[in-house]
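Sharing a sequence plus its predicted fold:
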Amino acid sequence: MDKKNFSKRLLYIPIILLAINFIFRLIDQSKIMWNFPLDLVNDGSSQIAQLFFLDSCGFHKFCPYWYNGFINFQLTPPGWFFFSYPLSLILNDYLKTFFISSLIIFILAFITIYKFGIINNINKTKSILFFFLLFTNAAAIGNYIRLGRIPELFAFFLFVLFAFIILYYKDRKLDWNFIFIIPIYSLLLLSHQTFAVLASLLWVGIFLIKDWKQRKFIFLTVIISLLIDSFWLIPYIVNFFTSAGIILNIGPNLLSLDREYLLENLFSIIIPIVFLFIFFIYIKKNNYNKKEILFYSPVILISFLLLFRVTAFIPILMQIYADVYMGFILFFAFFIFFKNFKINKIFFIGITLLALLSVVINMVHTPLFIKHTQLEKDTLALLKDVKGKFLVTESYSKTSYAKAYYSYAPIYLNLSTPSGWYKIPSAAYFNTLREFQNGVTNKDCNIMKERAQELNNKYVISYNKDCEFLSSCNLEKVNMINNVCLYKFIY
C-alpha cells in the first residue's frame, strides 16, 4: 500500500468516530416523532408550533394562539417552514415532518459538500470528512439535533451551497449560470437572519476581486434577490425594531465567565485562531496573493472581531450566536485546509483528536432525548381542564419547560396563551410577562394578579410550593395532580 492510499485510509478513523456519534444521536432524537418535546433543552417545540401556525393561520395572517394574537411570520424567517410545509401535508404529522425534514437537510448538505469538494479538487475521503467535521461536530449535534434548531440547520446548508458557488466563481469569470445563485441567496435570506448576515459579507469578497463590469452583475444579482424577498423583508425590518428582539442581544454572552457559556466561549477563541493560522500558512505559500487576501477579507475580519470579542458591541453582529460565527469560520478553515494541504501525521492526529473531543463533549455535555416524566404527564392532564388563556410558571425541573407547553397546547388542545415562544411583539409586553413570573417568584400576589389581568390571562399552572402561594392569593383552585396545580384568576 502506497503512502497516499494509507493516509486516505487513516482519515476513515475520524469519519467513523463522528459518523457513529451522529447516527446514535439521530436514532435517539427520532423519539421526537412520537413524543412532543417538553424539556428545557428544546427549541424544536417552537418550530413545530409555528409549522402548525402556518397550516392553521396562514402566512402573514392574524394568529390567536400566542401573545393575545399576532401576525404570523412577521418576525419569523419562513424559509424552512415553506420548505417543510409540503412534507407536512404528505405526512399529516408535525412531529414526523420536523424530524424527517432534518434528515433531508443533512442529506442535501452531504451531497453539496461531496459534489463541490470534487469540483474543487478535494478528494472523496476529504469531502466526506469535511461534511462530518462541519455538520456533526459537538456544536452541530447540540444545536441542530438535540436543541432542534432545524431552521438554522436549513440556513447553514443554504449558506454552504451559497459559499461554494461564490468560491467557484472566485477564479472564474461570471457567466449567466451565476444567476442560479439568486434563488439560493433569496431562500437563505428567508431562512435565518444570522447566516443571512454573515453570508451577505461574501458579496464584499467577490466584489473586491472582480472588474467593474462583473461588479454590476453582482450588484444586480443582490438587488433582484432582495426584491424577491421584499414581501417578507420589508414587514420584518419595519416591525423588528419595535419588537423585544432589539433587547435580546446575544453578544454579551461572549464576555460571560458563567459555566453555561464556558465551552462556547473557549471554542469561539480557538476556532478564529485556527482559521487565521491556516490562512496565514496558505497565503504565505501563495506569496501573499493580493486577490486571495481581498476575497477572504470578510472572513478574516469576522475572525478578528470574534477573537477579540468586538462582535459583542456592534449592532446586528451582537445578535448573532457564537455557534453561528464558528460554523461560518469553520467552513472556510476546512475548505482552505482540505483543498490546499496534504494530510500529514500531525494533521491526522489533530483531526482525530478533534473528532474524539467532539464526541466526548456530546457524551458529557449534550443530554439525550427526554421522554415525558410523571411531571409532564400531570401537567398535560391539567391542561385538559383549561377553558381559556393560560400561563405556566417555572417548574424548577429540566424535564419541563413552560414555553414547550405553549407550543403543545395550540396543536393538540386548541388553547391560546398570552405568552409564546419567539419574537415578542414589544419590549413592554416582554416586561409584563417577566413581571408576572417575578410576581410568582417573589411571592407578590398583587403584582402577579395585576400582570395577569393586563395580559388577559385566565388560568395558571404551577408547581410545588408555588401552588401554596397561589392558594394564598385567593385564586380559584381548579385541580391538582401530585405536585402540579391549576388555578383560575378571579377578577
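On my side now, so go ahead. Numbering: from 1, shown residues only.

drop to CA atoms for contacts and neighbour counts, all remaining ones
Will do.

since we're on residue 69, how many residues are nearby?
Per other CA atoms under 10 Å, the neighbour tally for residue 69 reads 15.

ok, and the closest non-adjacent residue to it?
Leaving aside its chain neighbours, residue 69 sits nearest to residue 63 (5.4 Å; criterion: CA to CA, 6 or more residues apart in numbering).

quick one: that neighbour from residue 81, how far?
The spacing between residue 63 and residue 81, counted by CA to CA, to the nearest Å, is 16 Å.

Look at those two and report which has more neighbours.
In this comparison of residue 63 against residue 81, neighbours counted by other CA under 10 Å, the higher total goes to residue 81 at 26 against 20.

Can you tell me the closest non-neighbouring residue to that one?
residue 51 (6.0 Å).

now residue 253
Spatially, and ignoring its direct neighbours in sequence, residue 253 is nearest to residue 261 (6.9 Å; CA to CA, 6+ apart).

check which helix or strand covers the residue nearest to residue 81.
helix 44-56 (DSSP states H and E).

and that helix, what other elements does it pack with?
In terms of contacts (3 or more CA pairs under 8 Å, 6 or more residues apart in numbering; DSSP states H and E), helix 44-56 is packed against helix 79-91, helix 94-119, helix 150-170, helix 402-413.

What average pLDDT does it get?
Helix 44-56 shows a mean pLDDT of 97.

and if you look at stretch 105-113?
Average pLDDT, stretch 105-113: 98.

just how off-centre is that stretch within its chain?
17 Å (CA atoms, centre = their mean, to the nearest Å).

before we move on, what about stretch 305-314?
For stretch 305-314, the distance to the chain centre is 20 Å (CA atoms, centre = their mean).

and if you look at stretch 184-201?
Its chain's average C-alpha position is 13 Å from that of stretch 184-201, according to CA atoms, centre = their mean.

Give the buried residues for it.
184-196, 198-200 (16 or more other CA atoms under 10 Å).

Counting only helices, which of those residues make the cut?
Among the buried residues of stretch 184-201, the members found in helices (DSSP state H) are 184-189, 193-196, 198-200.

mind giving me the domain ranges of the protein?
Listed by automatic domain parsing, the domain ranges of the chain are 3-35+74-365, 374-488.

so how far is the shortest one off the chain centroid?
Here domain 374-488 shows a centroid-to-chain-centroid distance of 26 Å under the convention CA atoms, centre = their mean.

what's the answer for the longest one, then?
In terms of CA atoms, centre = their mean, the gap separating the centre of domain 3-35+74-365 from the centre of its chain is 11 Å.

Following the chain past the helix or strand harbouring residue 353, name the next helix or strand.
Using DSSP H and E, residue 353 falls within helix 345-365. For helix 345-365, the following helix or strand on the C-terminal side (DSSP H and E) is helix 374-383.

which other residues reach that next one?
38, 399-400, 409, 461, 479-486 (CA atoms under 8 Å, 6 or more residues apart in numbering).

ok, and for that helix, which residues are buried?
Buried residues in helix 374-383, counted by 16+ other CA under 10 Å: 375, 376, 378, 379, 380, 382, 383.

swap in stretch 436-453?
Buried residues in stretch 436-453, counting neighbours by 16+ other CA under 10 Å, are found at 436-437, 439-440, 443-445, 447-452.

Looking at those, spot the one nearest residue 334.
Minimum distance to residue 334 across those is 45.3 Å, recorded for residue 437 (CA to CA).

Specify the local secondary structure of the closest residue to residue 469 other than its chain neighbours.
Leaving aside its chain neighbours, residue 469 sits nearest to residue 443 (6.6 Å; criterion: CA to CA, 6+ apart). Secondary structure assignment for residue 443 (DSSP: H, G, I helix; E, B strand; the rest coil): coil.

Quick check on the residue nearest to residue 253: phi, psi?
Here is the backbone geometry of residue 261 (degrees, to the nearest 10): phi -110, psi 10.

That one contacts residue 252, doesn't it?
No. Residue 261 is beyond contact range of residue 252, at 10.7 Å (criterion: CA atoms under 8 Å).

re earlier: in strands only, show me the contacts of helix 374-383.
Among the contacts of helix 374-383, DSSP state E puts 461, 479, 480, 481, 484, 485, 486 in strands.

Now a ChimeraX select for only the buried ones of these.
Remark: buried members of the ones in strands among the contacts of helix 374-383, expressed as a ChimeraX selection using 16+ other CA under 10 Å:
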select :461,480,484,485,486
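
a markdown table for the ones in strands among the contacts of helix 374-383, including distance to residue 295 and pLDDT?
Supplementary listing: these in a markdown table, determined by distance: CA to CA, whole Å; pLDDT from 0 to 100:
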| residue | distance to residue 295 | pLDDT |
| --- | --- | --- |
| 461 | 55 | 98 |
| 479 | 64 | 97 |
| 480 | 63 | 97 |
| 481 | 62 | 97 |
| 484 | 58 | 97 |
| 485 | 60 | 97 |
| 486 | 60 | 98 |
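
Relative to residue 108, which of the ones in strands among the contacts of helix 374-383 is nearest.
Here the nearest of these to residue 108, counting by CA to CA, is residue 461; it sits at 42.1 Å.

Give the bridge partners for the closest one, please.
Legend: beta-bridge partners of residue 461 under DSSP bridges are residue 392, residue 486.

That one against residue 391, yeah?
Yes. Using CA under 8 Å, residue 461 is in contact with residue 391, at 6.4 Å.

and residue 257, helix, strand or coil?
Here residue 257 is coil, with the state taken from three-state DSSP.

What separation do you get for it and residue 410?
Going from residue 257 to residue 410 by CA to CA gives 38 Å.

Likewise for residue 317?
Counting by CA to CA - residue 317 and residue 410 are separated by 34 Å.

So between these two, which is more surrounded?
residue 317 (21 against 18).

Tell me who's in contact with the more buried one.
So residue 317 contacts 251, 311 (CA under 8 Å, 6+ apart).

OK, contacts around residue 63?
Contact analysis of residue 63 by CA under 8 Å, 6+ apart lists 53, 57, 69, 70, 71, 72.

Between those residues, which sits nearest residue 289?
Residue 289 has its nearest neighbour among the contacts of residue 63 in residue 72, at 48.7 Å by CA to CA.

The closest one touches residue 52, doesn't it?
No. Counting by CA under 8 Å, residue 72 does not reach residue 52; the two are 10.9 Å apart.

contacting residues for residue 435?
Contacts of residue 435 by CA under 8 Å, 6+ apart are 447, 448, 451.
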